[in-house]
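1. Fold the following, please.
(2 chains)
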Amino acid sequence: SQELEQSPQSLIVQEGKNLTINCTSSKTLYGLYWYKQKYGEGLIFLMMLQKGGEEKSHEKITAKLDEKKQQSSLHITASQPSHAGIYLCGADLANSGYALNFGKGTSLLVTP
Amino acid sequence: NAGVTQTPKFQVLKTGQSMTLQCAQDMNHEYMSWYRQDPGMGLRLIHYSVGAGITDQGEVPNGYNVSRSTTEDFPLRLLSAAPSQTSVYFCASSYKGVPLGGYTFGSGTRLTVV
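-> As a prediction, this is how the structure comes out:
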């Protein structure tokens, strides 16, 4: 079974609309990473959340970590075509310090 | 430019052929790892290394070998390519500990085995 579940799997939104992507873990979170992947390219680091209740923002993207629920949400305000891509959450579920488990990703398309 | 460099970007192999995917980083990161990304499966860990001379298996190691003779390089070898190894491969690196700045990923190698 997938240890990091992302929802939704895909999303089509109109430019200017807000959207939220969720990432839920079946194990204790020792930190949660959000990455963006443009189609056919590598992963770009967005932000990392380490503590419960922590919230970080990067331009119009905000992420929060709910440690009790073992869940993180990524919120995009006033979406733009440049936000299109695949959003991946990753976590070091084994607390190993050397590698991440990843969710399957959320594909985002922003239409004019 | 500092970062993780992967070569080649694209490769087509015939079943049974062998090849090496190269990965190099210039950030003096201790930790390096290889992932494969398949549609509907997300990224899965193949092998990882916590330092020169130290490697270990991840979630899907079968059919792959790695070695780490230097801090900078972490090549991934396909011993006898199979169509099931058609995938996009990513190399990543990080410093020891909790990388608040994230794991740094290469741009990927798209491999097709026919």
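
2. Every contact and neighbour count from this point should use C-alpha atoms.
-> Will do.

3. Roughly how far does B:M19 sit from B:G63?
-> Applying C-alpha to C-alpha, to the nearest Å, the value for B:M19 to B:G63 is 12 Å.

4. Okay, and the beta partners of the most centrally placed residue in chain B?
-> Here the mean C-alpha position of chain B is nearest to the C-alpha of B:W34 (C-alpha atoms, centre = their mean), at a distance of 2.9 Å. For B:W34, the beta-bridge partners are B:H47, B:C91 (DSSP bridges).

5. I'd say it and B:Y48 touch.
-> Yes - between B:W34 and B:Y48 there is a contact at 6.2 Å, judged by C-alpha atoms under 8 Å.

6. roughly how far apart are the most far-flung residue of chain B relative to its centre and B:A24?
-> Distance from the C-alpha centroid of chain B, by C-alpha atoms, centre = their mean, peaks at B:L100 (21.4 Å). As defined by C-alpha to C-alpha, B:L100 lies at a distance of 21 Å from B:A24.

7. quick revisit: dump the residue contacts of the residue farthest from the centre of chain B.
-> Residues near B:L100 by C-alpha atoms under 8 Å, 6 or more residues apart in numbering or on different chains: A:M48.

8. Low-confidence stretches in the chain?
-> Just so you know, I chose chain A. A:1 (pLDDT under 70).

9. should've been chain B
-> Along chain B, the model assigns pLDDT under 70 to residues B:1, B:98.

10. Chain A contacts on that one?
-> Neighbours of chain A within chain B, by C-alpha under 8 Å from any C-alpha of the partner chain: B:31-33, B:40-45, B:48-50, B:90, B:94, B:96-98, B:100-108.

11. So what's the residue count around B:A2?
-> Neighbourhood size, B:A2 [other C-alpha atoms under 10 Å in any protein chain shown]: 7.

12. Surely it and B:M27 touch.
-> Yes - with contact defined as C-alpha under 8 Å, B:A2 and B:M27 form a contacting pair (6.4 Å).
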